[in-house]
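S.K.: predicted structure and sequence below. I'll ask about it afterward.
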Amino acid sequence: MRNLFEHTSASWVHYSDYEWKETKDHQLYLLPTEDAVPSPYDPMREAERIVLAAMDIGMMLFHRKPEGEVREAMREFARKYGLLGIMTALPTTAKFIDYEKVYFLYNEIVKTESMETPDYLKLFFPFRMPDIKKNGTASAWNAAIDDNKCLFPLLMTFRAAPEAMAMSFMRDYGERYDWLVTVMKEWTFMLITEYYYYDEEHPSDEETRDLYRKGMAAFDGNAPTYHIELRDRPTIVWDFHSLMLNIKLMFSFMLTDENTPLRLCRECAKPFIAPRSNSYFCSPACREKHKNK
């Protein structure tokens, strides 16, 4: 995995702070605070830390940690890496604003095949909608009145990206708690499935192993596009358009890496990057503790 992405690049944005806000219909959203400062960064350079942070939150959910702890962990994740960009990850195209309707890949968040574009946007702007007007396939967006403190520099940085991607960096863009739970539990479920499938100490019967295989096969992949830029060397630039897709791809490569795979510690069940293919414990202390049982 490291060699494959050694000379690649991608771009995303995180704000300096986030907060949880509740809508009138009691939906809980995570979004940037009013005075938070945005910062672009390259998630490819943070791939291992991002994936492990997401796995840690997923394990908190599986261990039924108190919601307050989970919410704080999600908030801290967003401070470091930003929101997931779910709005651009679910449609069949990140350029969905150019169409009257949004069509979706199979997912557990928006359980419908299509939706009117303005209605879809409202899901992610629960407190204040951007000043965007739709007339069929045509759209006009007055970015000046929405977030003139920080949006224009971001628009310049991401001027070649789909319009919806830039909108997902707006201060009023938010993602629901239950959506984040669904996504992070799905990723972590795949890691847990891999753990039990290859568990030599507690081997499963063939019927159970077949269920594990089917569960892993249900993990859909949606591949990003890419282009090549001539920097100090030819560089592959991935067009993820969402951090969610970036994490999904990184997780897949890390889970299947033959030399330094992503694993759950056999003693404490903490996600970690194994330094070798035959490493099954996150630390010498866990290895010794397991050995002495």
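M.R.: Nice, thanks for sending it over. Residues are numbered from 1 along each chain as shown.
S.K.: phi, psi of the most centrally placed residue in the chain?
M.R.: Closest residue to the average C-alpha location of the chain: Met244 at 2.6 Å, with C-alpha atoms, centre = their mean. Main-chain torsions, Met244, degrees, to the nearest 10: phi -60, psi -50.
S.K.: which residues does it contact?
M.R.: Counting by C-beta atoms under 8 Å, 6 or more residues apart in numbering, Met244 touches 84-86, 89, 183. No exception for glycine: its C-beta is placed from N, CA and C like everyone else's.
S.K.: run through the neighbouring helices and strands of the top helix by length along the chain.
M.R.: The longest helix of the chain (DSSP state H) is helix 177-197. Helix 177-197 sits against strand 28-32, helix 47-62, helix 67-81, helix 206-217, helix 243-255, strand 262-264, with contacts defined as 3 or more C-beta pairs under 8 Å, 6 or more residues apart in numbering; DSSP states H and E.
S.K.: could you redo those as TSV and give each row distance to Arg287 and mean pLDDT?
M.R.: Below are those laid out as TSV (distance: least, C-beta to C-beta, whole Å; pLDDT from 0 to 100):
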stretch	distance to Arg287	mean pLDDT
strand 28-32	37	97
helix 47-62	19	96
helix 67-81	26	98
helix 206-217	25	90
helix 243-255	21	92
strand 262-264	13	95
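S.K.: re earlier: can I get the longest helix of the chain in PDB, CA atoms only?
M.R.: Below are the C-alpha coordinates for helix 177-197, written out as PDB (Å, rounded to 0.1, in the frame of the first residue of the first chain):
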ATOM      1  CA  TYR A 177     -24.700  11.600  13.700                       C
ATOM      2  CA  ASP A 178     -26.600   8.500  12.600                       C
ATOM      3  CA  TRP A 179     -25.000   8.700   9.100                       C
ATOM      4  CA  LEU A 180     -21.500   8.800  10.600                       C
ATOM      5  CA  VAL A 181     -22.400   5.900  12.900                       C
ATOM      6  CA  THR A 182     -23.600   3.900   9.900                       C
ATOM      7  CA  VAL A 183     -20.500   4.500   7.800                       C
ATOM      8  CA  MET A 184     -17.900   3.900  10.500                       C
ATOM      9  CA  LYS A 185     -19.700   0.800  11.800                       C
ATOM     10  CA  GLU A 186     -19.700  -0.600   8.200                       C
ATOM     11  CA  TRP A 187     -16.000  -0.200   7.800                       C
ATOM     12  CA  THR A 188     -15.200  -1.600  11.300                       C
ATOM     13  CA  PHE A 189     -17.500  -4.600  10.600                       C
ATOM     14  CA  MET A 190     -15.300  -5.500   7.700                       C
ATOM     15  CA  LEU A 191     -12.200  -5.400   9.900                       C
ATOM     16  CA  ILE A 192     -14.000  -7.600  12.600                       C
ATOM     17  CA  THR A 193     -15.100 -10.000   9.800                       C
ATOM     18  CA  GLU A 194     -11.500 -10.400   8.600                       C
ATOM     19  CA  TYR A 195     -10.400 -11.000  12.200                       C
ATOM     20  CA  TYR A 196     -12.800 -13.800  12.900                       C
ATOM     21  CA  TYR A 197     -12.400 -15.400   9.500                       C
END
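S.K.: the inter-axis angle of it versus helix 243-255?
M.R.: Helix 177-197 runs at 10 degrees relative to helix 243-255, counting by axes from the mean of the first three to the mean of the last three C-alpha atoms, to 10 degrees.
S.K.: got a pLDDT number for Glu194?
M.R.: The model reports Glu194 with a pLDDT of 91.
S.K.: list the contacts of it.
M.R.: Contacts of Glu194 by C-beta under 8 Å, 6+ apart are 216, 255, 263.
S.K.: can you report how many residues lie near the residue nearest to Gly58 when sequence neighbours are not counted?
M.R.: Once flanking residues are discounted, Gly58 sits nearest to Thr188: 2.6 Å by C-beta to C-beta, 6 or more residues apart in numbering. Applying other C-beta atoms under 10 Å, we find 22 residues neighbouring Thr188.
S.K.: wait, isn't Thr188 in contact with His63?
M.R.: No - counting by C-beta atoms under 8 Å, Thr188 stays clear of His63, with 10.3 Å between them.
S.K.: what ranges in the stretch 1-150 of the chain fall below the confidence cut-off?
M.R.: Filtered on pLDDT under 70, the stretch 1-150 of the chain yields the residue ranges 1-9, 134-150.
S.K.: ranges for the strands of it?
M.R.: Counting by DSSP state E, counting those that start in this stretch, residue ranges of the strands within the stretch 1-150 of the chain are 8-9, 12-15, 18-22, 28-32, 38-41, 101-103, 114-116, 132-135, 138-141.
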